[in-house]
Each structure stands twice: as C-alpha cells, then as structure tokens.
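Participant: I would like the atomic coordinates for the input below:
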Amino acid sequence: MPRDKTVNHVKIMAAARNEFMEHGFDKASMRSIAERCSMTAAGIYRHCIDKEDLFDQIVSPAVERINKWIDAHVARYVDAVNQEEHMQWRDSEIDMMREVVYPNMEEYHLLLAKSKGSKYENFLHDLTEQSQNRLLSYIPILKSQGYAVWDIEPKELHLLLSAYTTAMFEPVVHNYSMEEALRCLKTVEAFFLPGWKHLMGF
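Facilitator: Numbers count the residues shown, from 1 in each chain. Have a look, this model is predicted:
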C-alpha cells in the first residue's frame, strides 16, 4: 500500500495513532478511527488494506530505524574483523536506545505495548532471536583471533540476551519520561556491559 501525504492521509494516521494508543491494536476499531477523523469507513480503506496495514504504516518506520542501526552496528564489527584490526568494544545496543529509541519513546511504546494481536506482538522476542543468531556467528571469529570468549550454550546466551533486551526496553513498555528512561539506561549499561565484555573476551 503506497504511503502518501495528502491531508486526508495525515488525518487518518493521526486518528489511527490515537486509537491504537488508547485501545491497543487488538481492541482498536476501524469505525472509531473513521469517526475520529470525520471520514467514512470507505474513505479509510482508500488509504489502507485493513487494520493490520494501518498499524504497520504507523510503526514500520520505527522498526526500520532499529534495523538500520543494527545493520550499521554489525557492519562496523565485521569490517574490523575483515581488516584484521585489533578488536575493541565500539558501541552496543545501549547506544541504539539512547540515539534511536528513547528520543521517539511514543512510537516505540505503541510498537511494544499496544501491538497485541498484530504481527509485531512478539517484537522483543524476535529482536532477541536476531541478536542471538548474530552473536553465535560472531563468537567463532573472535575465538579464531585468540579472544578468550566463554564457551556459552545457545540457551544460556538466549537467557542473557532476553534479560538484557527486556531491561533496555522496559522504560518504553511502561512509558517512562525521558529523564527516567535515561537514568534506567545508565544503570543497565553499568550492570550489563562489563559482563558482555568479559564474556566476549574484550
């Protein structure tokens, strides 16, 4: 479904965002969204396929920003390996939260706390699985370069990544203020990053 910036489309997106924020995806009503923007249901369906598509149009840019940051993050480490540089701790998902997620707290709250019933309802679990797969492929490379990486089972790694990811995103789920979120992030950083560096042999 093409994205447009007509006046009606902007009105629909604003009304849908408010509806999803108030009721969540599962209980949101297309009829209510139409009433919110003073349009007919038929008018709404000129701008989306269904409720799922409407929600996707709102939250997919937030997902794309995370994916873009992670792709660049992975590329920086892979590039260092390919150039046989001495590996150093460069950045982490903590930086992603600080740079991408927390400045857009409302969008990510919608994605995480209001997505039940949509394809995004397991977003954090899926993000954890992706992180696990990337790390499992990266660990042998570090070991081949002589880094004292711990022998860690996939289940153990999943446990740690789940705790890490949940802790980072908890302020988003509960819609903390920016000040509260950054304070929590500082605590998460102090607690988790030394452990990750130790496990990875940095």
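
Participant: so how far is the helix or strand of the chain with the lowest mean pLDDT from its chain's centroid?
Facilitator: Sorted by mean pLDDT, DSSP states H and E, the helices and strands of the chain end with helix 41-44, the least confident at a mean of 85. On the basis of CA atoms, centre = their mean, to the nearest Å, helix 41-44 sits 31 Å off its chain's mean C-alpha point.

Participant: so that it lines up with my notes, have the first residue be 24 from now on.
Facilitator: Okay, using 24 as the starting number, the last item reads as helix 64-67.

Participant: so which elements touch that helix?
Facilitator: Applying 3 or more CB pairs under 8 Å, 6 or more residues apart in numbering; DSSP states H and E, one finds that helix 64-67 contacts helix 53-59. The way it works is simple: take the backbone N, C-alpha and C, and place the C-beta from them, glycine included.

Participant: pull out the buried positions in the helix it packs on.
Facilitator: 53, 56-57, 59 (16 or more other CB atoms under 10 Å).

Participant: can you give me the mean pLDDT across the helix or strand just after the least confident helix or strand of the chain?
Facilitator: Per DSSP states H and E, helix 64-67 leads on to helix 74-105 as the next helix or strand towards the C-terminus. Averaging pLDDT along helix 74-105 gives 88.

Participant: and helix 74-105, what's buried?
Facilitator: So, applying 16+ other CB under 10 Å, buried residues of helix 74-105: 74, 77-82, 85-86, 88-89, 92-93, 96, 100.

Participant: which one among these gets closest to residue 199?
Facilitator: Of all the buried residues of helix 74-105, residue 199 sits closest to residue 85, with 17.0 Å by CB to CB.

Participant: who touches residue 88 in this structure?
Facilitator: For residue 88, the contact set (CB atoms under 8 Å, 6 or more residues apart in numbering) comprises 123, 127.

Participant: now do residue 159
Facilitator: 177, 180.

Participant: does it belong to a helix or a strand, and which?
Facilitator: Counting by DSSP H and E, residue 159 is part of helix 146-167.

Participant: output the next helix or strand after that helix as PDB, nothing but the C-alphas.
Facilitator: Proceeding N to C from helix 146-167, the next assigned helix or strand is helix 177-196, under DSSP H and E. These are the backbone C-alpha positions of helix 177-196, laid out as PDB (Å, rounded to 0.1, in the frame of the first residue of the first chain):
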ATOM      1  CA  PRO A 177      22.700 -21.100  22.900                       C
ATOM      2  CA  LYS A 178      20.200 -21.400  25.700                       C
ATOM      3  CA  GLU A 179      22.500 -19.600  28.100                       C
ATOM      4  CA  LEU A 180      23.000 -16.900  25.600                       C
ATOM      5  CA  HIS A 181      19.300 -16.600  25.000                       C
ATOM      6  CA  LEU A 182      18.700 -16.200  28.700                       C
ATOM      7  CA  LEU A 183      21.200 -13.300  29.000                       C
ATOM      8  CA  LEU A 184      20.000 -11.600  25.800                       C
ATOM      9  CA  SER A 185      16.400 -11.800  27.000                       C
ATOM     10  CA  ALA A 186      17.300 -10.200  30.300                       C
ATOM     11  CA  TYR A 187      19.300  -7.500  28.500                       C
ATOM     12  CA  THR A 188      16.700  -6.700  25.900                       C
ATOM     13  CA  THR A 189      13.900  -6.600  28.400                       C
ATOM     14  CA  ALA A 190      15.800  -4.300  30.700                       C
ATOM     15  CA  MET A 191      16.600  -1.900  27.900                       C
ATOM     16  CA  PHE A 192      13.100  -1.700  26.600                       C
ATOM     17  CA  GLU A 193      11.200  -1.800  30.000                       C
ATOM     18  CA  PRO A 194      11.100   2.100  30.200                       C
ATOM     19  CA  VAL A 195       9.500   2.100  26.800                       C
ATOM     20  CA  VAL A 196       6.900  -0.500  27.600                       C
END
